[in-house]
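1. using only what follows, build the 3D model:
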Amino acid sequence: MAKGKVTKAIFPVAGLGTRFLPATKAIPKETLTLVDRPLIQYAVDEALASGIEQLIFVTSRGKSNLEDYFDRSPELERTLAKAGKKDLLRIVHDCTLDSGAVTYVRQNQALGLGHAIACAAHLINDEPFAVILPDDVISASTPCLRQMIDVYDRTGGSVIAAMEVPPAAASAYGILDVAGVAGRVAQVRGIVEKPQPQDAPSNLAVIGRYILDSSIFKHLDGLKASAGGEIQLTDAIASMIREGSPVQAYRFLGDRFDCGSKAGFLQATVSFALARSELRDEFGAYLNSMVALQNAAQ
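-> Below you'll find the model as predicted:
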């Protein structure tokens, strides 16, 4: 099977982020800070470290802060250079994207993830491409997307990131029906969106990383909205499978944090802070003291 190189990634960032109101009334959810970097920076860093060359952001009204973040800031750069703050200047340069490397597309209706992906169809042509959901922050020695591209290079078709979840949590995820398990890779036979635990076909949940064949756009085109009024990407993937297109599930190596929820965001903050050598001792001591106080109060 002929395979194209995965060089483009779509970042769906048009959502309102209502679970983080009132903060997201003024700033995009994707720019909420995890330690000292916005969520979107972790997603972009993963993409670039995985060999992605073209970054496509599907945005909406009110996301100009996100676009500004990746643009140059001449006044700030001059100020840092004049003050001799070379380390900070390097950090600012590192989060600036070249003009030719990033494209912004507007999703002018909140019609779901499938619709957001379809908004970027004209930029993909007939190439395979990645989709990264910034809410899912994944800590891994080898970037999750890089792991998936390595699988794609062996199998072709489409690849979905997956992780095992407790049966009771099945109703919060798209759950995969799989066969032909070979190590961390399994052939996908179908996807059940948010099933009740007793109806879940497996314990493998879809996580926000995809490598998709460009034929997905044919399946998204004309797809009817689900009961929630959104066009679901999982419905289009299920249609691909029924047509005979190969789709693989990959159980990635790494720790995933659901930063679309407050609890997940706080868990990620603790984990990433403790991983930083300049924060570990002071922050760890504070956490230990808080645990000791809580235990003493019980």
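
2. what about the nearest residue to residue 96 once chain neighbours are set aside, which helix or strand?
-> Using CB to CB, 6 or more residues apart in numbering and skipping residues adjacent in sequence, the residue nearest residue 96 is residue 72, 5.4 Å away. Backbone N, C-alpha and C define where each C-beta goes, glycine included. Residue 72 belongs to no helix or strand when assigned by DSSP states H and E.

3. quick one: residue 297 and residue 290, what's the gap?
-> 11 Å (CB to CB, to the nearest Å).

4. neighbour count winner among the two?
-> Neighbours per residue, other CB atoms under 10 Å: of residue 297 and residue 290, the larger number sits with residue 290, 10 against 6.

5. Three-state assignment for that one, please.
-> Secondary structure assignment for residue 290 (DSSP: H, G, I helix; E, B strand; the rest coil): helix.

6. mind listing what it touches?
-> Listed by CB atoms under 8 Å, 6 or more residues apart in numbering, the contact set of residue 290 is empty.

7. before we move on, what about residue 115?
-> 107, 109, 220, 230, 231.

8. now the residues you listed in TSV, with secondary structure and neighbour count?
-> Listed next are the contacts of residue 115 as TSV, based on DSSP: H, G, I helix; E, B strand; the rest coil; neighbours: other CB atoms under 10 Å:
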residue	secondary structure	neighbour count
107	coil	22
109	coil	11
220	helix	22
230	coil	16
231	coil	21
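
9. now, among those, which is nearest to residue 81?
-> residue 107 (37.6 Å; CB to CB).

10. what's the distance between that closest one and residue 63?
-> From residue 107 to residue 63 the distance is 10 Å (CB to CB).

11. and which of the contacts of residue 115 is nearest residue 280?
-> Distances from residue 280 to the contacts of residue 115, taken by CB to CB, are shortest for residue 107, at 39.8 Å.

12. shouldn't that closest one be in contact with residue 57?
-> No. Using CB atoms under 8 Å, residue 107 is not in contact with residue 57; the gap is 10.2 Å.

13. give the buried residues for stretch 153-167.
-> By 16 or more other CB atoms under 10 Å, the buried positions in stretch 153-167 come out as 155, 156, 157, 158, 159, 160, 161, 162, 163, 165.

14. which residues sit against it?
-> 1-3, 128, 144, 148, 151-152, 172-173, 176, 185-186, 188, 197, 200, 203-213, 216, 237, 240, 245-252, 256.

15. likewise stretch 231-239?
-> Contacts of stretch 231-239 (CB under 8 Å, 6+ apart): 111-115, 117-118, 131, 158, 160, 174, 188, 190-191, 193, 206, 210, 212, 216, 219-220, 223-226, 247.

16. what about dumping the CA coordinates of it to PDB?
-> Extracted in PDB, the C-alpha atoms of stretch 231-239 (Å, rounded to 0.1, in the frame of the first residue of the first chain):
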ATOM      1  CA  ILE A 231     -21.000  16.300  13.100                       C
ATOM      2  CA  GLN A 232     -18.900  13.600  14.800                       C
ATOM      3  CA  LEU A 233     -15.500  12.600  13.500                       C
ATOM      4  CA  THR A 234     -16.000   9.200  14.900                       C
ATOM      5  CA  ASP A 235     -19.100   8.700  12.700                       C
ATOM      6  CA  ALA A 236     -16.900   9.500   9.600                       C
ATOM      7  CA  ILE A 237     -14.200   7.000  10.800                       C
ATOM      8  CA  ALA A 238     -16.900   4.400  11.300                       C
ATOM      9  CA  SER A 239     -18.100   5.000   7.800                       C
END
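
17. distance from the chain centre to it, please.
-> Chain-centre distance of stretch 231-239: 17 Å, with CA atoms, centre = their mean, to the nearest Å.

18. ok, stretch 190-203 next?
-> On CA atoms, centre = their mean, the centre of stretch 190-203 falls 22 Å from the chain's centre.

19. related to what we said a few turns ago, and for residue 107 and residue 63, which residues touch both?
-> Shared contacts of residue 107 and residue 63, counting by CB under 8 Å, 6+ apart, come down to residue 14.

20. follow-up on the earlier one: how about the buried residues of stretch 153-167, which pair is most distant?
-> That would be 156 and 165, which, of the buried residues of stretch 153-167, are the farthest apart (CB to CB) at 27.3 Å.

21. many thanks, I have nothing further to ask.
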